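Asks: Turn this into a structure:
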Amino acid sequence: MRGRLALLVAFLATLIGIWQLLAMAEIWPPYTLPSPASVFSTLWDNTESGRIPQALVVSMRRLIVGYTISLGIGIGIGTLSGSVRQVDETLGTIVLGLQSLPSIAWLPLAVLWFGLNEQAIIFVVLMGSLFSVAVSARSGVRNIPPLLMRTGQTYGAAQWQMYRYIVLPGMMPSIVQGLKLGWSFAWRSLMAGELLVAGLGIGQMLNMGRDLNDMSLVLAVMLVIVAVGLTVDRLVFGRIEAWVQERWGLVTS
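Replies: Below is the predicted model of the structure:
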């Protein structure tokens, strides 16, 4: 653990050192490539003043609402598609096709339906993560060995028992992967939506930095976006993944 942490710190220090050298060389004007000190100073000022925390709260609220709805709908669609062949050949085909659609493509539709407001951003987040969750849930059900299903039927298991003791454990690893994929797509969709829809949020802070030609603010907000993404992935989904692996006997204790 300490070795990995030391390696990470050394790598980040090297990147910051290269960044500082490039800034000092002034290959690009300072207003297009500010120094690390300038960016971290801007980050500190906006954090201390409450602008970044306030924007984060607004963005996370939108993300949680859209992402939670996408999980409920996506897992339901994926489970149904994986269990019923007719659904998979109809609705499942559409879901697979829509998965390749960039989340930003939903924004014009969201604006026409909801206007330039909070609901439009939440809709983009929802649609951005929904299909990856559904596809992962479908794969989880489809990858359950048929022998397990036949064994349950042989022993006279009821339908709810089949789902409780066979389908759910079998699809959980794929569900966790779907959660992680859905989160990453939801986070990106949120930033895209906030960049184009007026209102408080991390994406709008990026937009403000661009409008003011303040590259220090742009880079500071980008660091916040990366930090939040890594933190959630490691602290939330990393623990969920470890728990699922241990709970369903995928790792030895």
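Asks: Low-confidence bits of the stretch 1-150 of the chain, can you list those?
Replies: Along the stretch 1-150 of the chain, segments meeting pLDDT under 70 span 1, 149.
Asks: in it, which spans are helices?
Replies: Under the criterion DSSP state H, counting those that start in this stretch, the stretch 1-150 of the chain carries helices at the ranges 2-25, 36-48, 51-83, 85-99, 107-114, 118-142, 146-154.
Asks: list the helices and strands the second one packs on?
Replies: Applying 3 or more C-beta pairs under 8 Å, 6 or more residues apart in numbering; DSSP states H and E, one finds that helix 36-48 contacts helix 2-25, helix 51-83, helix 215-231. Placement of C-beta: from N, CA and C, glycine included.
Asks: got a list of contacts for it?
Replies: 16, 19-20, 23, 30, 52-53, 205, 214, 216-217, 219-220, 223-224 (C-beta atoms under 8 Å, 6 or more residues apart in numbering).
Asks: Can you check what angle separates it from helix 215-231?
Replies: Counting by axes from the mean of the first three to the mean of the last three C-alpha atoms, to 10 degrees, helix 36-48 points 70 degrees away from the direction of helix 215-231.
Asks: And the shortest one, by the same measure?
Replies: Between helix 107-114 and helix 215-231, the angle formed by their directions is 90 degrees, by the same axes, to 10 degrees.
Asks: Run through the residues that contact residue 224.
Replies: Residue 224 neighbours (C-beta under 8 Å, 6+ apart): 43, 52, 56, 202.
Asks: hmm, back to that, winner for burial among the helices and strands packed on helix 36-48?
Replies: helix 51-83 (a mean of 19; mean count of other C-beta atoms under 10 Å).
Asks: Put the alpha carbons of stretch 221-230 into PDB.
Replies: Taking C-alpha atoms only, stretch 221-230 is exported to PDB below (Å, rounded to 0.1, in the frame of the first residue of the first chain):
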ATOM      1  CA  VAL A 221     -12.400  23.100 -12.100                       C
ATOM      2  CA  MET A 222     -11.100  20.300 -14.300                       C
ATOM      3  CA  LEU A 223      -9.000  19.100 -11.300                       C
ATOM      4  CA  VAL A 224     -12.100  19.100  -9.100                       C
ATOM      5  CA  ILE A 225     -14.000  17.000 -11.700                       C
ATOM      6  CA  VAL A 226     -11.200  14.500 -11.900                       C
ATOM      7  CA  ALA A 227     -10.800  14.400  -8.100                       C
ATOM      8  CA  VAL A 228     -14.500  13.800  -7.600                       C
ATOM      9  CA  GLY A 229     -14.600  11.000 -10.200                       C
ATOM     10  CA  LEU A 230     -11.600   9.200  -8.700                       C
END
